[in-house]
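*Asks:* Show me the folded form of this:
(chains A and B)
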Amino acid sequence: MLLPATLSFGSCTSLAAVAPTHQSEKSAQLHLPLGSSSLVFSSNTNFKFNGGLQPKSLFLNTSKNFKTSVAVQSDQVGSSDPAEKEVAKKYYFVVANAKFMLDEEEHFQEQLCERLRLFGERNMEQDFWLVIEPKFLDKFPNITKRLSRPAVALVSTNRVWITFMKLRLDRVLSESFEADSLEEALASTPTKIEFKKPENWVAPYPKYEYGWWEPFLPQASSKTEA
Amino acid sequence: MAAEMALIKPISKFNRTLPKFRNPITPKPCYSYIKMSSSAPATSPKKSTAKPKKAIKETLLAPRFYTTDFDEMETLFNTEINKNLNEAEFEALLQEFKTDYNQTHFVRNKEFKEAADKLQGPLRQIFVEFLERSCTAEFSGFLLYKELGRRLKKTNPVVAEIFSLMSRDEARHAGFLNKGLSDFNLALDLGFLTKARKYTFFKPKFIFYATYLSEKIGYWRYITIYRHLKTNPEYQCYPIFKYFENWCQDENRHGDFFSALMKAQPQFLNDWKAKLWSRFFCLSVYVTMYLNDCQRTAFYEGIGLNTKEFDMHVIIETNRTTARIFPAVLDVENPEFKRKLDRMVEINTKLITVGESDDIPLVKNLKRIPIIAAFASELLAAYLMPPIESGSVDFAEFEPQIVY
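*Replies:* Below is the predicted model:
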């Protein structure tokens, strides 16, 4: 796929801004006097600083058979190896009350949808789930004593991403545990989730619909995989 | 980056005393501060250089370009000097930026040109101005982040790479907006802007507060417009808004990075000065946006929004978000805060009227004095309203009381 928003910043001294003539054109060049370094944006992730910095090539693997999680961490490498499947895996999570996770923090919904879209586009196996009233919380008395119920956890095998999610959500508690199987890790106590309608909703748009989280629950994601 | 920081005067040294507010007069709706390269479809790209450069009109409410003390930045993020740096958070952010969620998002289609051709009359001009201002703001982020990426490479390669990846996002956004201008047979001369615009100098800690707020308020503006237009598609008069949902996730992530930068420098978050500065930057950003937008109600009404309601929603949400990191925020949900903003809009309108009158300059200035005094007192009163204690749970004193 081509990115039409293609810019090429050269280090030339010309001040020309080139108006794209028509939209079928694939790129427009903007020559900028940006000092010694120059930046080239091409139609994909490759971008180089000719002035020196060469970001490591991105992890993206376009192979159709590519099946691993986004952040390839040392603790995850080999996750697709069948021989290692029985070995206990580490799961990382952030947890807070259901109202915070599913009702108040609407950007959280956008983030999860964005990530699910990305995993679909790149043919990667989903490695994150929402768990309502997770059973693994019983192992964490220090968390449960500070938690309103019902609680909702975002669980992932990707430690690095959970660190990011902790930074984003802030008002959450974070921990990790080991489990022998995905079923065991994501086991939950059936709980009805109800939210009161906000008293004065002043946003010029409606709230995300109740139940937006269903595609992220373990049952739903395993169904789509099957 | 949506630069909503214009109220702050460019001063080179203001780390000891509060910067003075300059009166926020905008002599005219300030769209003429950029140079448009050509009004006809540019068949020969080089033509645009031949046009005489129009002088850049620097107005207080125009999006600004920023620069900072790069040596101090290098010291702040030197891992050998600063042992507080939370490597895990920066590694996580780097991974998040490398993921590049919007790699294939900014793809245009033929709807753009068709929609632009349909936009005629005053609304067309307003759209052009919107695209110009947004493009300038994104481009200003590109310049700053790119330079920081370059300068921090040696002392902190991880932080440097994140800045570079953010400049990638900003360049993509600016480029996409500039492409939008091409639908109106215009283009921003970004090279000219780079050279000719004044740069506002901020000490690093002020860059953190200001860009954090810019990014988060940018997210809330874009997502609000997107969700509003999704509900009311009859106002969807130009397709760029359809891209806002994915687009603004970039802004939100950029804000998270500044959160992490501030957490790595707890001295910017944990004392009474930090609280005063936090409130000051919140107020500057909110007031600037409110005054700016109230001068452009035609744009917001053109896409079916009530300008003041839109702005208040954005301010309240941005403030809630900001309370996750700043040690103090303003009580913007107190109805008195909005009343003060509305009075500032009225005063600003009076100032503009004086500026546009036929009086001689001396008389104009005399007439301005009481109006500016009234504005300053509103602003000060808003600043002094009882604040809300806030902050990341990793720092906040009230953390032990929180029930998650």
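*Asks:* from here on, contacts and neighbour counts on C-alpha atoms
*Replies:* Noted.
*Asks:* Now B:Phe201: phi and psi?
*Replies:* With angles defined as degrees, to the nearest 10, B:Phe201 sits at phi -90, psi 130.
*Asks:* Find the residue closest to it in space, skipping its chain neighbours.
*Replies:* B:Thr67 (4.9 Å; C-alpha to C-alpha, 6 or more residues apart in numbering or on different chains).
*Asks:* now swap in A:Ala185 and tell me
*Replies:* Ranked by C-alpha to C-alpha, 6+ apart and with sequence neighbours excluded, the top spatial neighbour of A:Ala185 is A:Ala179, at 5.4 Å.
*Asks:* Measure how buried the residue nearest to B:Phe201 is and give me the count.
*Replies:* Close neighbours of B:Thr67, defined as other C-alpha atoms under 10 Å in any protein chain shown, add up to 20.
*Asks:* Surely it is within a strand?
*Replies:* Yes: with DSSP: H, G, I helix; E, B strand; the rest coil as the criterion, B:Thr67 is assigned to a strand.
*Asks:* So what pairs up with the residue nearest to A:Ala185 in the strands?
*Replies:* A:Lys89 (DSSP bridges).
*Asks:* Contacts only, for it.
*Replies:* Contacts for A:Ala179 were tallied using C-alpha atoms under 8 Å, 6 or more residues apart in numbering or on different chains; they are A:Ala88, A:Lys89, A:Lys90, A:Tyr91, A:Ala185.
*Asks:* For those residues, give me a markdown table that also has neighbour count, pLDDT and distance to A:Pro206.
*Replies:* Output for the contacts of A:Ala179, formatted as a markdown table (neighbours: other C-alpha atoms under 10 Å in any protein chain shown; pLDDT from 0 to 100; distance: C-alpha to C-alpha, whole Å):
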| residue | neighbour count | pLDDT | distance to A:Pro206 |
| --- | --- | --- | --- |
| A:Ala88 | 13 | 82 | 43 |
| A:Lys89 | 19 | 91 | 40 |
| A:Lys90 | 18 | 94 | 38 |
| A:Tyr91 | 21 | 96 | 34 |
| A:Ala185 | 20 | 92 | 34 |
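*Asks:* Closest to B:Leu213 out of the residues you listed?
*Replies:* Lowest distance from B:Leu213 to these (C-alpha to C-alpha) belongs to A:Tyr91, with 33.2 Å.
*Asks:* Just the residues contacting the helix or strand hosting that closest one, thanks.
*Replies:* According to DSSP states H and E, A:Tyr91 maps onto strand A:89-97. Under the criterion C-alpha under 8 Å, 6+ apart, residues A:147-159, A:162, A:165-166, A:171-181, A:185, B:404 lie in contact with strand A:89-97.
*Asks:* mind listing which of those are in helices?
*Replies:* Members of these lying in helices (criterion: DSSP state H): A:Arg159, A:Ile162, A:Met165, A:Lys166, A:Ala185.
*Asks:* Report all helices and strands that the helix or strand hosting B:Asn319 contacts.
*Replies:* Using DSSP H and E, the element containing B:Asn319 is helix B:307-322. For helix B:307-322, the packing partners by 3 or more C-alpha pairs under 8 Å, 6 or more residues apart in numbering or on different chains; DSSP states H and E come out as helix B:204-231, helix B:272-294, helix B:297-302.
*Asks:* Specify the stretch among those helices that is closest to chain A.
*Replies:* The minimum distance between chain A and those falls on helix B:204-231, with 4.9 Å, by C-alpha to the nearest C-alpha.
*Asks:* how about the strands of the chain, start to end?
*Replies:* Unless you meant another one, I'm taking chain A. Using DSSP state E, the strands of chain A run over residues A:7-10, A:28-31, A:39-41, A:47-49, A:89-97, A:128-132, A:151-156, A:173-179.
*Asks:* my bad, chain B
*Replies:* Using DSSP E, strands in chain B cover B:65-68, B:199-202, B:328-329, B:388-389.
*Asks:* could I get the strand holding A:Tyr91 in PDB with only the CA atoms?
*Replies:* In PDB, the C-alpha atoms belonging to strand A:89-97 read as follows (Å, rounded to 0.1, in the frame of the first residue of the first chain):
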ATOM      1  CA  LYS A  89       4.000 -18.800  30.600                       C
ATOM      2  CA  LYS A  90       4.200 -15.400  32.200                       C
ATOM      3  CA  TYR A  91       1.200 -13.100  32.100                       C
ATOM      4  CA  TYR A  92       1.300  -9.400  32.900                       C
ATOM      5  CA  PHE A  93      -1.700  -7.400  33.800                       C
ATOM      6  CA  VAL A  94      -3.100  -4.100  34.900                       C
ATOM      7  CA  VAL A  95      -6.300  -4.000  37.000                       C
ATOM      8  CA  ALA A  96      -8.800  -1.600  38.300                       C
ATOM      9  CA  ASN A  97     -12.500  -1.500  38.900                       C
END
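*Asks:* Name the next helix or strand following it along the chain.
*Replies:* helix A:98.
*Asks:* how about the residues of the stretch 151-300 of chain B near chain A?
*Replies:* B:153, B:161, B:168, B:171-173, B:175-176, B:179, B:182, B:185-192, B:194-195, B:224, B:227-228, B:231, B:246, B:249, B:256, B:259-260 (C-alpha under 8 Å from any C-alpha of the partner chain).
*Asks:* at 6 Å instead, please
*Replies:* Residues of the stretch 151-300 of chain B lying near chain A by C-alpha under 6 Å from any C-alpha of the partner chain: B:Gly175, B:Phe176, B:Ala187, B:Asp189, B:Gly191, B:Phe192, B:Arg227, B:His228.
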